[in-house]
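**Q** I'll drop the sequence and a predicted model, then ask my questions.
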Amino acid sequence: MKITKLITASAIIFLSQTSYASNNEEGEHLFKTYCDACHGMTGGMDMRKRIAPPIAAVRMHYIGHYQDKTSFINAITGWVDKQDPNKSLMRGAIRRFNIMPPIAIKKEDAIKIASYIYEGNLQQPAGMEEHVQQQHKKGGMKFSQ
C-alpha cells in the first residue's frame, strides 16, 4: 500500500514537472512565433535599430508592478488584447516606438506566452543593464532576471 502511494505521488510530481516544462517550451515557441520579430534580440539596445522594446525590458517593467504570476499574466494578456496607452507601464517605449499594433492571437496562446515571460528565462540584449542604469536611475528600476 505504501509503495503504491509512493509510486502515485512520484508519478504526479514527475508529470507536473513535465507539464510545466512542456508549457514553458510551448510558451517559448509561441513567443518566437508571435513576438520575437519585434521584441527579440535584433538591434540589441541600439534604439535606432529596434522596432519595439526587448521582451526582457517589458518583463522588468511589469514584474516590478505585477509581482504575482496571475496579475502579471492578466496585465500582459490584457495589453495584447487591447493596447491602451493609458494603461502602459512603458510610456517611454510608446513615445519612441508608438503603440503596439493589434495581433490576432488566441487567448490561451497569449496566456502561455505571458507565463513564459513571467518565468524570466529570457535573453537580455547586450547593453541592457547599462541602459537601465542610465534611463531609470531616478525611478529606482532594477533589472531582475
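**A** Structure's in. What do you need? Numbers count the residues shown, from 1 in each chain.
**Q** CA atoms for contacts and neighbours, from now on please.
**A** Noted.
**Q** so where's the chain uncertain?
**A** 1-23, 43, 136-145 (pLDDT under 70).
**Q** got a list of what the most centrally placed residue in it touches?
**A** The centre of the chain sits closest to Ile117, judged by CA atoms, centre = their mean, with a distance of 2.5 Å. Contacts for Ile117 (CA atoms under 8 Å, 6 or more residues apart in numbering) come out as Ile55, Arg59.
**Q** So Pro125: helix, strand or coil?
**A** At Pro125, secondary structure determined by DSSP: H, G, I helix; E, B strand; the rest coil is coil.
**Q** so how far is Lys69 from it?
**A** 24 Å (CA to CA, to the nearest Å).
**Q** Which one's more surrounded, the two?
**A** Pro125 (18 against 14; other CA atoms under 10 Å).
**Q** tell me the phi and psi of the more buried one?
**A** The phi/psi pair for Pro125 (degrees, to the nearest 10) reads phi -60, psi 150.
**Q** returning to that earlier point: next SSE downstream of whichever strand or helix holds the residue nearest to the centre of the chain?
**A** For Ile117, the host element (DSSP states H and E) is helix 107-119. Per DSSP H and E, the first helix or strand lying C-terminal to helix 107-119 is helix 128-136.
**Q** show me where this protein has strands.
**A** Counting by DSSP state E, no segments of the chain form strands.
**Q** Need the CA coordinates for the helix holding Ile117. CSV is fine.
**A** C-alpha atoms of helix 107-119 as CSV (Å, rounded to 0.1, in the frame of the first residue of the first chain):
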residue,chain,number,x,y,z
LYS,A,107,-6.3,33.9,-25.5
GLU,A,108,-4.8,30.6,-24.4
ASP,A,109,-1.7,31.2,-26.5
ALA,A,110,-1.3,34.7,-25.1
ILE,A,111,-1.5,33.2,-21.6
LYS,A,112,1.2,30.7,-22.4
ILE,A,113,3.4,33.5,-23.8
ALA,A,114,2.8,35.7,-20.7
SER,A,115,3.6,32.7,-18.4
TYR,A,116,6.9,32.1,-20.3
ILE,A,117,7.8,35.8,-20.0
TYR,A,118,6.9,35.7,-16.3
GLU,A,119,9.2,32.8,-15.7
